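1. Just the structure for this:
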Amino acid sequence: MASDRVRLRTALTMGTGLVSVGLGLWQGEDVSVVLAWQMGAWMLGAAALAWFLAPPQVSSAKGVGVALCLLGFAAGFVSGRYSATSAFYVVTVHGEKVREALSSYHEAQGHYPDTLEALGIELPGQTLTRGGLLRYAREGEGYRLSAATWQHQVEASASKGFPL
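-> I've put the predicted structure just below:
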């Protein structure tokens, strides 16, 4: 019975570390929506949870659990930043394909679509946890495409392509 409880608490501690990786990845993909104190609170909260979940019978479990949470969040965050930055650059390189599809749709239908999904193409700029960076809005007889990270922003329209 006691060993089952130790195994359960160990698994919960390690699970908290894995959740920290996911939180870091999710947060890293969009730094603009969070403040630094929130990131610190998430990291410390996960580490504290790991500390309290760790079984007292296993002396190294607390340290391993806390380290896994802190390092896991940091690794996830760095991976998320890489994912978002890569997705942004994919939009700038392949965004013209979307503009071409919008132009073809307009020629065939006489108007621009309500959403990009109506184009039936694979959209560039997908991230791992937050979907796509590419934003679309119909504006009068035209449209506006944009993509942004916390550091960069690009826009295109029916008359102006993405800057390279």
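2. going forward, measure contacts between C-alpha atoms and count neighbours the same way
-> OK.
3. which secondary element of the chain has the worst mean pLDDT?
-> helix 36-53 (a mean of 74; mean pLDDT, DSSP states H and E).
4. how much space between residue 99 and residue 153?
-> From residue 99 across to residue 153, the span is 17 Å (CA to CA, to the nearest Å).
5. Looking at the two, which has the bigger crowd around it?
-> Taking neighbours as other CA atoms under 10 Å, residue 99 and residue 153 compare with residue 99 leading, 21 against 11.
6. What strand or helix carries that one?
-> If you go by DSSP states H and E, residue 99 is part of helix 61-109.
7. Now do the helix or strand that that helix is followed by: distance to the chain's middle.
-> Going down the chain from helix 61-109, the next helix or strand is strand 135-139, by DSSP H and E. Mean C-alpha position of strand 135-139 versus that of the full chain (CA atoms, centre = their mean, to the nearest Å) differs by 22 Å.
8. Could you do stretch 85-104 as well?
-> Distance, centroid of stretch 85-104 to centroid of chain: 19 Å (CA atoms, centre = their mean).
9. Just give the number of residues close to the nearest residue to residue 85 once chain neighbours are set aside.
-> Using CA to CA, 6 or more residues apart in numbering and skipping residues adjacent in sequence, the residue nearest residue 85 is residue 149, 7.3 Å away. Counted by other CA under 10 Å, the residues lying close to residue 149 total 17.
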